[in-house]
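In: Need a 3D model of the sequence below.
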Amino acid sequence: MTVGVLKEIKPQEGRVALLPRHVGALTQSGERVLVERGAGASSGAADADYEEAGAELRDAAAPIWAEADFIVKVKEVLPQEYDFLRPGHLILTNLHTAANREETDRLLAAGLTAIAAEDTHRFGSPNCALAGEIGAFEGVRLCLGPQGGPGRHFFGHYGAPPIRAVVIGLGNVGRGALRTLLSLGCRTTGLDVVWGARYRAEQDHPTPLFDTGPVEDLPDLLGDADLIVNCVLWPKHRDDHLIGRADLARLKPGAVICDIACDEGGAIETSRPTSWADPVYAVDGVRHFCVDNIPGAAPVAASAGYGDALMRHIEQILTHGWREACRRDDFLRRGLVCAGGLLLHEETARVQSRERASPEAVLGASEG
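Out: Next up is the predicted model:
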């Protein structure tokens, strides 16, 4: 197979799927790798670095889509890329098809094989922590007076209280948010439905600035919160919310909701994805920060972690083929979105009310 690494075209997305060191590991194993010129520029990787690693450079995306069998990306397949899709492609990237029917339609129509990278991380995406750290930092910034916030300092000074933050969800994203908030001195409460997650967070942050509680405590915390950071990826088939629109009236003037999960109508009913170009909007006077590619703001670190996480899957696919690799690895199998025009992804089928084939049945079929 020929591996293709593209320059990301989503606005303000600086990540690249593979850095030169990842490419070098592949080419040293005898693999052919094509890289679009400029793909790694924002991540600190020059074209010359890729050439030294053994990659073949192409001046645009079209030749890579045409020549490569195995396309590795960071973000979803965008409309500008739809016409490049063909049956022989294997695509590994963060697809998020459940929330995007048009993308799903085009992947199915092309008859290709697509794997959603976001579902393949056994221990969570390495970019989750970065999203929490950067998202919380942006939330703190929005709490300052010139940004329209309540005007509290992130440290407590002269008897005045610091920013009061609430973090919902204490997984990888939430723990990243805690690192930022508590390092800055914000008074923070972490909420989670799992006692073990709360206990681990308390052990990681033994400070009077921090306490935890069950998610059921959230309504009692809304009135005093300057900043609410949501780190819960809400199941897309649910129609309830942790914070509904009516709850916004309970927040203080200038309060900020930073929804790192940024599911439209998810845990926060009033959330919708935004971009770095226009990151903040207001609903009923409450500002929402819901950028859907937060780690792209720190591409040097984010690309390194993303590439490391994907390399094990890439190497297994190149060694055994995608079918056998998915048979061997249940997390890689969980990421299968489609193959040969068949939808395989459970969440996408449920959210979009589509028929779904069993991945196991497809994996048992002969190559063709």
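In: neighbours around Gly4, how many?
Out: Neighbour count of Gly4, defined by other Cβ atoms under 10 Å: 27. For glycine as for every other residue, the C-beta is placed from the backbone atoms N, C-alpha and C.
In: Could you do Pro219 as well?
Out: Residues near Pro219, counting by other Cβ under 10 Å: 12.
In: which SS state does it fall under?
Out: Secondary structure assignment for Pro219 (DSSP: H, G, I helix; E, B strand; the rest coil): helix.
In: Please report how far it lies from Ile163.
Out: 20 Å (Cβ to Cβ, to the nearest Å).
In: now swap in Glu324 and tell me
Out: From Glu324 to Ile163 the distance is 51 Å (Cβ to Cβ).
In: cool, and Pro79?
Out: Taking Cβ to Cβ, one finds Pro79 at 40 Å from Ile163.
In: if you count what's nearby, which of the two comes out ahead?
Out: Ile163 (26 against 9).
In: my guess is the more buried one contacts Arg152, does it?
Out: Yes. Shown here, Ile163 and Arg152 form a contact pair, counting by Cβ atoms under 8 Å, at 4.7 Å.
In: Now for these two: what residues contact both?
Out: By Cβ atoms under 8 Å, 6 or more residues apart in numbering, Ile163 and Arg152 have these common neighbours: Cys143, Asp226.
In: Mind splitting this protein into its structural domains?
Out: For the chain, automatic domain parsing gives the domain ranges 2-119+298-363, 128-296.
In: now the helices for the stretch 51-200 of the chain?
Out: Ranges of helices in the stretch 51-200 of the chain, per DSSP state H, counting those that start in this stretch, are 61-67, 101-110, 126-142, 172-184, 195-204.
In: Same list (these) but as JSON lines, adding mean neighbour count.
Out: Formatted as JSON lines, the helices of the stretch 51-200 of the chain follow (neighbours: other Cβ atoms under 10 Å):
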{"stretch": "helix 61-67", "mean neighbour count": "16"}
{"stretch": "helix 101-110", "mean neighbour count": "18"}
{"stretch": "helix 126-142", "mean neighbour count": "24"}
{"stretch": "helix 172-184", "mean neighbour count": "23"}
{"stretch": "helix 195-204", "mean neighbour count": "14"}
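In: Nearest to Arg245, out of these?
Out: Across the helices of the stretch 51-200 of the chain, Arg245 has its closest neighbour in helix 126-142 (19.7 Å, Cβ to Cβ).
In: any idea of the angle that closest one forms with helix 172-184?
Out: Angle, helix 126-142 to helix 172-184, by axes from the mean of the first three to the mean of the last three Cα atoms, to 10 degrees: 40 degrees.
In: helices and strands around helix 126-142, which ones?
Out: In terms of contacts (3 or more Cβ pairs under 8 Å, 6 or more residues apart in numbering; DSSP states H and E), helix 126-142 is packed against strand 164-168, helix 172-184, strand 227-230, strand 256-259, strand 286-289, helix 299-320.
In: In a markdown table: these, plus mean pLDDT and distance to Arg350.
Out: Listed next are the helices and strands packed on helix 126-142 as a markdown table, based on pLDDT from 0 to 100; distance: least, Cβ to Cβ, whole Å:
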| stretch | mean pLDDT | distance to Arg350 |
| --- | --- | --- |
| strand 164-168 | 98 | 24 |
| helix 172-184 | 97 | 23 |
| strand 227-230 | 98 | 22 |
| strand 256-259 | 98 | 22 |
| strand 286-289 | 97 | 26 |
| helix 299-320 | 96 | 24 |
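In: Reformat the ones you listed as JSON lines; add distance to Phe331.
Out: Converted to JSON lines, those look like this (distance: least, Cβ to Cβ, whole Å):
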{"stretch": "strand 164-168", "distance to Phe331": "25"}
{"stretch": "helix 172-184", "distance to Phe331": "15"}
{"stretch": "strand 227-230", "distance to Phe331": "25"}
{"stretch": "strand 256-259", "distance to Phe331": "26"}
{"stretch": "strand 286-289", "distance to Phe331": "30"}
{"stretch": "helix 299-320", "distance to Phe331": "9"}
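In: right, so of those, which gets closest to Val35?
Out: Per Cβ to Cβ, nearest to Val35 of the helices and strands packed on helix 126-142: helix 299-320, 12.4 Å.
In: what does that closest one contact?
Out: The contact list for helix 299-320 (Cβ under 8 Å, 6+ apart) reads 1, 3, 13-19, 21-22, 25-26, 29, 31, 40, 42-45, 70, 72, 74, 90, 92, 115, 117, 120-121, 125-127, 130, 295-296, 325, 328-329, 332.
In: so how far is that helix off the chain centroid?
Out: Averaging C-alpha positions (Cα atoms, centre = their mean, to the nearest Å) puts helix 299-320 15 Å from its chain's average.
In: Can you mark which positions in that helix are buried?
Out: Within helix 299-320, the residues that count as buried by 16 or more other Cβ atoms under 10 Å are 299, 301-307, 309-311, 313-318.
In: quick one: which of the helices of the stretch 51-200 of the chain is nearest Gly340?
Out: helix 101-110 (9.4 Å).
In: now for that closest one, which elements pack on it?
Out: With contacts taken as 3+ Cβ pairs under 8 Å, 6+ apart, helix 101-110 sits against strand 336-339, strand 342-343, helix 346-352.
In: Now do that helix, average pLDDT.
Out: What helix 101-110 shows for mean pLDDT is 98.
In: so Glu103 makes contact with Ile91?
Out: No. Judged on Cβ under 8 Å, Glu103 makes no contact with Ile91 at a distance of 10.9 Å.
In: any shared contact partners between the two?
Out: Joint contacts of Glu103 and Ile91 (Cβ under 8 Å, 6+ apart) are Val77.
In: so how many other residues sit close to the nearest residue in space to His89 that is not next to it in sequence?
Out: Of all residues not flanking His89 in the chain, Leu112 sits nearest, at 4.1 Å (Cβ to Cβ, 6 or more residues apart in numbering). By other Cβ under 10 Å, 23 other residues sit near Leu112.
In: Cool, thanks, signing off.
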